[in-house]
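**Student:** Have a look; sequence and predicted model below, questions after that.
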Amino acid sequence: STYFIHFQDLMSQLKKALKENRLETRLKHFSKYKVLIIDEIGYLPIDTDASNLFFQLISKRYEKHSTIITTNMPFSSWGEIFGSPVLAQAILDRLLHHSHVISIKGDSYRLKEKMDFFANSVSNS
């Protein structure tokens with residue numbers, strides 16, 4: 001089983017669960033999937049509570065199930081994202097142990113289509 005979620009949505013759900021005193025249930029929900037895909041880590045700032053909640057989730061999944069993340073942020077910037085170099089290191093230790101890192105360089109595929117469209121529109125005019 002696989003579950004896809006944007007990082008900000010994940011954090012919102014975990015923070016809501018914490019507030020409603022049902023965090024453990026929500027962590028179990030996200031921990032049960034064989035593959036959890038978390039999209040867009042580091043695009044928007046997060047607070048200390050969210051950082052701690054993310055660490056708890058990653059710790060719960062560690063060495064049990066696969067977690068795929070997408071980010072444009074280098075690992076060296078994760079201390080800024082999570083507000084603590086120590087917490088970022090602990091998260092990265094668990095994510096990167098047994099991992100395969102795929103680094104994609106180049107232009108955005110979303111912008112490429114538009115750039116090609118405009119290039120062709122100008123040359124055809």
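**Tutor:** Nice, I can see it.
**Student:** Roughly how far does the residue nearest the centre of the chain sit from residue 4?
**Tutor:** By C-alpha atoms, centre = their mean, the chain has its centre lying nearest to residue 41, at 3.5 Å. Computed as C-beta to C-beta, to the nearest Å, the residue 41 to residue 4 distance reads 13 Å. (Each C-beta comes from the backbone N, C-alpha and C, glycine too.)
**Student:** just residue 24 next, same as before
**Tutor:** To residue 4, residue 24 is 23 Å away according to C-beta to C-beta.
**Student:** that older thread, the residue nearest to the centre of the chain belongs to a helix, doesn't it?
**Tutor:** No - read with DSSP: H, G, I helix; E, B strand; the rest coil, residue 41 is coil and lies in no helix.
**Student:** residues contacting it?
**Tutor:** Counting by C-beta atoms under 8 Å, 6 or more residues apart in numbering, residue 41 makes contact with 7, 69-71, 73, 81.
**Student:** Out of those, name the ones that lie in helices.
**Tutor:** Among the contacts of residue 41, the ones falling in helices (DSSP state H) are 7, 81.
**Student:** Can you flag the buried ones in the contacts of residue 41?
**Tutor:** 7, 69, 71, 81 (16 or more other C-beta atoms under 10 Å).
**Student:** quick one: which of those residues is nearest residue 20?
**Tutor:** Closest approach to residue 20 among these (C-beta to C-beta): residue 7, at 20.5 Å.
**Student:** Now the phi/psi pair for residue 95, please.
**Tutor:** phi -70, psi -40 (degrees, to the nearest 10).
**Student:** actually residue 37, sorry about that
**Tutor:** Note on residue 37: its backbone torsions stand at phi -110, psi 120 [degrees, to the nearest 10].
**Student:** For it, give the beta-bridge partners.
**Tutor:** residue 4, residue 68 (DSSP bridges).
**Student:** what's around it, how many residues?
**Tutor:** Residue 37: 15 surrounding residues under other C-beta atoms under 10 Å.
**Student:** Could you pull up the residues touching it?
**Tutor:** By C-beta under 8 Å, 6+ apart, residue 37 lies in contact with 2-5, 67-70.
**Student:** now swap in residue 23 and tell me
**Tutor:** By C-beta under 8 Å, 6+ apart, the contact list for residue 23 reads 14, 17, 53, 56.
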